[in-house]
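[1] 3D, please:
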Amino acid sequence: FTLRKSFLIPETALRVFRAIGFILCVFTYIWTTRDYLSSLAYLTNWGIIFTGAYFLCSSLCYFIYKEDEDVDVKKPFTFWKFTSVLCELAFSMEVLILIYYWALLYPGTPEEHVGIRFWNTIFEHAVTPVLIYLEVIFGGNRFYKRHVIFMVLVGSMFVATNFIATKIMGHPVYSNLTWESIETFYF
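    Here you go, the predicted structure:
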(Lines give C-alpha, C1' and ligand atoms only; values in the text may rest on other atoms or scores of the structure.)
Protein backbone atom coordinates (compact mmCIF):
# COMPACT_ATOMS: atom_id res chain seq x y z
CA PHE A 1 0.00 0.00 0.00
CA THR A 2 1.77 3.12 -1.24
CA LEU A 3 -1.09 5.37 -2.32
CA ARG A 4 -0.50 7.93 0.44
CA LYS A 5 3.27 8.15 0.10
CA SER A 6 5.74 9.36 -2.48
CA PHE A 7 9.35 8.38 -2.84
CA LEU A 8 10.20 11.71 -4.52
CA ILE A 9 8.11 14.48 -2.96
CA PRO A 10 6.69 15.15 0.53
CA GLU A 11 3.28 13.66 1.34
CA THR A 12 1.76 17.13 1.67
CA ALA A 13 2.93 18.06 -1.83
CA LEU A 14 1.47 14.81 -3.18
CA ARG A 15 -1.88 15.60 -1.55
CA VAL A 16 -1.92 19.09 -3.05
CA PHE A 17 -0.89 17.77 -6.47
CA ARG A 18 -3.72 15.24 -6.44
CA ALA A 19 -6.31 17.83 -5.42
CA ILE A 20 -5.09 20.17 -8.18
CA GLY A 21 -5.11 17.25 -10.64
CA PHE A 22 -8.74 16.48 -9.81
CA ILE A 23 -9.76 20.15 -10.18
CA LEU A 24 -7.95 20.44 -13.54
CA CYS A 25 -9.64 17.27 -14.84
CA VAL A 26 -13.10 18.51 -13.83
CA PHE A 27 -12.36 21.92 -15.36
CA THR A 28 -11.04 20.34 -18.57
CA TYR A 29 -14.04 18.06 -18.97
CA ILE A 30 -16.59 20.82 -18.38
CA TRP A 31 -14.74 23.38 -20.50
CA THR A 32 -14.00 21.15 -23.48
CA THR A 33 -17.01 18.81 -23.69
CA ARG A 34 -19.54 20.38 -25.99
CA ASP A 35 -22.09 17.64 -26.60
CA TYR A 36 -22.68 15.64 -23.45
CA LEU A 37 -24.62 12.89 -25.19
CA SER A 38 -21.88 11.89 -27.60
CA SER A 39 -18.90 12.81 -25.43
CA LEU A 40 -18.17 9.18 -24.53
CA ALA A 41 -17.52 8.39 -28.17
CA TYR A 42 -14.13 10.10 -27.68
CA LEU A 43 -11.31 8.27 -25.92
CA THR A 44 -10.01 11.67 -24.84
CA ASN A 45 -13.06 12.12 -22.63
CA TRP A 46 -12.67 8.63 -21.19
CA GLY A 47 -9.10 9.57 -20.32
CA ILE A 48 -10.16 12.79 -18.63
CA ILE A 49 -12.90 10.97 -16.67
CA PHE A 50 -10.64 8.13 -15.54
CA THR A 51 -7.79 10.49 -14.66
CA GLY A 52 -10.13 12.75 -12.70
CA ALA A 53 -11.71 9.75 -10.96
CA TYR A 54 -8.26 8.52 -10.00
CA PHE A 55 -7.28 11.87 -8.50
CA LEU A 56 -10.56 12.03 -6.59
CA CYS A 57 -10.22 8.49 -5.24
CA SER A 58 -6.53 8.89 -4.36
CA SER A 59 -7.42 12.07 -2.45
CA LEU A 60 -10.21 10.22 -0.62
CA CYS A 61 -7.72 7.54 0.44
CA TYR A 62 -6.14 10.09 2.80
CA PHE A 63 -9.43 10.29 4.68
CA ILE A 64 -10.38 6.61 4.49
CA TYR A 65 -6.96 5.22 5.45
CA LYS A 66 -5.60 7.51 8.15
CA GLU A 67 -2.92 5.02 9.15
CA ASP A 68 -1.26 2.19 7.24
CA GLU A 69 -2.82 -0.19 9.78
CA ASP A 70 -6.26 0.72 8.38
CA VAL A 71 -5.39 -1.04 5.13
CA ASP A 72 -6.44 -4.66 4.79
CA VAL A 73 -4.21 -5.98 2.01
CA LYS A 74 -5.78 -9.44 2.15
CA LYS A 75 -9.25 -8.37 1.07
CA PRO A 76 -9.65 -8.84 -2.69
CA PHE A 77 -11.89 -5.80 -3.19
CA THR A 78 -11.00 -2.61 -1.36
CA PHE A 79 -11.22 1.07 -2.20
CA TRP A 80 -7.46 1.51 -2.39
CA LYS A 81 -7.12 -1.43 -4.81
CA PHE A 82 -9.88 0.06 -6.97
CA THR A 83 -7.96 3.35 -6.90
CA SER A 84 -4.75 1.62 -7.99
CA VAL A 85 -6.53 0.01 -10.94
CA LEU A 86 -7.96 3.43 -11.90
CA CYS A 87 -4.41 4.77 -12.05
CA GLU A 88 -3.33 1.95 -14.35
CA LEU A 89 -6.35 2.52 -16.60
CA ALA A 90 -5.93 6.31 -16.72
CA PHE A 91 -2.21 6.07 -17.42
CA SER A 92 -2.71 3.51 -20.20
CA MET A 93 -5.42 5.62 -21.86
CA GLU A 94 -3.44 8.83 -21.62
CA VAL A 95 -0.35 7.26 -23.19
CA LEU A 96 -2.50 6.14 -26.12
CA ILE A 97 -4.35 9.48 -26.32
CA LEU A 98 -1.17 11.56 -26.37
CA ILE A 99 0.47 9.52 -29.12
CA TYR A 100 -2.65 8.89 -31.21
CA TYR A 101 -3.89 12.48 -31.14
CA TRP A 102 -0.64 14.36 -31.69
CA ALA A 103 0.79 11.93 -34.27
CA LEU A 104 -2.32 10.98 -36.26
CA LEU A 105 -5.19 13.40 -35.67
CA TYR A 106 -3.73 16.84 -34.88
CA PRO A 107 -1.91 17.29 -38.25
CA GLY A 108 -5.24 16.82 -40.08
CA THR A 109 -7.19 19.34 -38.00
CA PRO A 110 -5.88 22.85 -38.79
CA GLU A 111 -9.08 24.38 -37.37
CA GLU A 112 -7.99 23.10 -33.95
CA HIS A 113 -4.70 25.05 -34.08
CA VAL A 114 -6.01 28.53 -33.25
CA GLY A 115 -7.86 30.41 -30.54
CA ILE A 116 -9.97 28.71 -27.91
CA ARG A 117 -9.91 25.41 -29.80
CA PHE A 118 -6.13 25.35 -29.46
CA TRP A 119 -6.40 25.74 -25.67
CA ASN A 120 -9.10 23.05 -25.52
CA THR A 121 -6.74 20.77 -27.42
CA ILE A 122 -3.85 21.51 -25.08
CA PHE A 123 -5.90 20.77 -21.97
CA GLU A 124 -7.50 17.63 -23.40
CA HIS A 125 -4.46 16.11 -25.08
CA ALA A 126 -1.48 17.43 -23.12
CA VAL A 127 -2.37 18.68 -19.63
CA THR A 128 -4.41 15.64 -18.57
CA PRO A 129 -1.81 13.13 -19.83
CA VAL A 130 1.02 15.04 -18.14
CA LEU A 131 -0.91 15.05 -14.85
CA ILE A 132 -1.21 11.25 -14.76
CA TYR A 133 2.40 10.78 -15.94
CA LEU A 134 3.60 12.98 -13.07
CA GLU A 135 1.36 11.06 -10.68
CA VAL A 136 2.93 7.77 -11.71
CA ILE A 137 6.41 9.26 -11.31
CA PHE A 138 5.74 10.98 -7.96
CA GLY A 139 3.31 8.47 -6.51
CA GLY A 140 5.34 5.38 -7.26
CA ASN A 141 2.22 3.53 -8.39
CA ARG A 142 2.69 -0.11 -9.19
CA PHE A 143 1.35 -1.81 -12.31
CA TYR A 144 0.36 -5.47 -12.27
CA LYS A 145 0.13 -7.84 -15.24
CA ARG A 146 -3.03 -9.38 -13.81
CA HIS A 147 -4.80 -6.02 -14.16
CA VAL A 148 -4.57 -6.10 -17.95
CA ILE A 149 -8.04 -7.70 -17.90
CA PHE A 150 -9.45 -4.37 -16.69
CA MET A 151 -7.76 -2.58 -19.61
CA VAL A 152 -9.23 -5.09 -22.05
CA LEU A 153 -12.72 -4.67 -20.54
CA VAL A 154 -12.62 -0.86 -20.54
CA GLY A 155 -11.05 -0.83 -24.01
CA SER A 156 -13.81 -3.09 -25.30
CA MET A 157 -16.44 -0.79 -23.80
CA PHE A 158 -14.85 2.20 -25.53
CA VAL A 159 -14.66 0.36 -28.87
CA ALA A 160 -18.35 -0.57 -28.62
CA THR A 161 -19.30 3.00 -27.69
CA ASN A 162 -17.25 4.48 -30.53
CA PHE A 163 -18.67 1.97 -33.04
CA ILE A 164 -22.28 2.67 -32.01
CA ALA A 165 -21.75 6.45 -32.06
CA THR A 166 -20.19 6.26 -35.53
CA LYS A 167 -23.08 4.22 -36.89
CA ILE A 168 -25.76 6.42 -35.27
CA MET A 169 -24.16 9.71 -36.40
CA GLY A 170 -23.46 8.38 -39.90
CA HIS A 171 -19.85 9.64 -39.86
CA PRO A 172 -16.74 8.61 -37.95
CA VAL A 173 -15.96 10.12 -34.56
CA TYR A 174 -12.28 10.01 -35.51
CA SER A 175 -11.42 10.44 -39.18
CA ASN A 176 -9.40 7.23 -39.37
CA LEU A 177 -11.87 5.08 -37.38
CA THR A 178 -14.52 4.59 -40.03
CA TRP A 179 -15.44 1.03 -39.00
CA GLU A 180 -15.51 0.19 -42.70
CA SER A 181 -11.88 -0.68 -43.34
CA ILE A 182 -9.27 -3.03 -41.96
CA GLU A 183 -7.28 0.04 -40.82
CA THR A 184 -10.01 0.78 -38.29
CA PHE A 185 -9.39 -2.52 -36.55
CA TYR A 186 -5.65 -1.85 -36.55
CA PHE A 187 -6.13 1.57 -34.93
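
[2] Can you pull up the most central residue in this structure?
    residue 47 (2.7 Å; Cα atoms, centre = their mean).

[3] Report pLDDT for it.
    Confidence at residue 47, expressed as pLDDT, is 94.

[4] any idea how far it lies from residue 87?
    Separation of residue 47 from residue 87 (Cβ to Cβ, to the nearest Å): 13 Å. (C-beta placed from N, C-alpha, C; glycine too.)

[5] okay, and for this structure, where does confidence drop off?
    Applying pLDDT under 70 to the chain flags the ranges 1-2, 34-38, 67-76.

[6] Could you pull out the strands in it for me?
    Counting by DSSP state E, the chain has no strands to list.

[7] Show me the helices in it, by range?
    Assigned by DSSP state H, the helices in the chain fall at 11-32, 43-64, 79-100, 115-122, 128-139, 148-169, 182-186.

[8] Just name the most buried of the ones you listed.
    A comparison of these by mean neighbour count, using mean count of other Cβ atoms under 10 Å, puts helix 43-64 on top with a mean of 22.

[9] returning to that earlier point: let me have the helices of the chain in TSV, adding distance to residue 175 as columns.
    Putting the helices of the chain into TSV (distance: least, Cβ to Cβ, whole Å) gives the following:
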stretch	distance to residue 175
helix 11-32	19
helix 43-64	14
helix 79-100	12
helix 115-122	15
helix 128-139	21
helix 148-169	11
helix 182-186	11
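
[10] Tell me which of these sits nearest to residue 106.
    Closest of the helices of the chain to residue 106 is helix 115-122, at 7.3 Å (criterion: Cβ to Cβ).

[11] which residues does residue 11 contact?
    Under the criterion of Cβ atoms under 8 Å, 6 or more residues apart in numbering, the neighbours of residue 11 are 4, 5.

[12] Quick check: the gap between it and residue 54.
    17 Å.

[13] what's the answer for residue 150, then?
    Residue 150 is 13 Å from residue 54, by Cβ to Cβ.

[14] which residues are common contacts for these two?
    residue 89.

[15] re earlier: so the residue nearest to the centre of the chain makes contact with residue 98?
    No. Contact between residue 47 and residue 98 fails when scored by Cβ atoms under 8 Å: they sit 9.0 Å apart.
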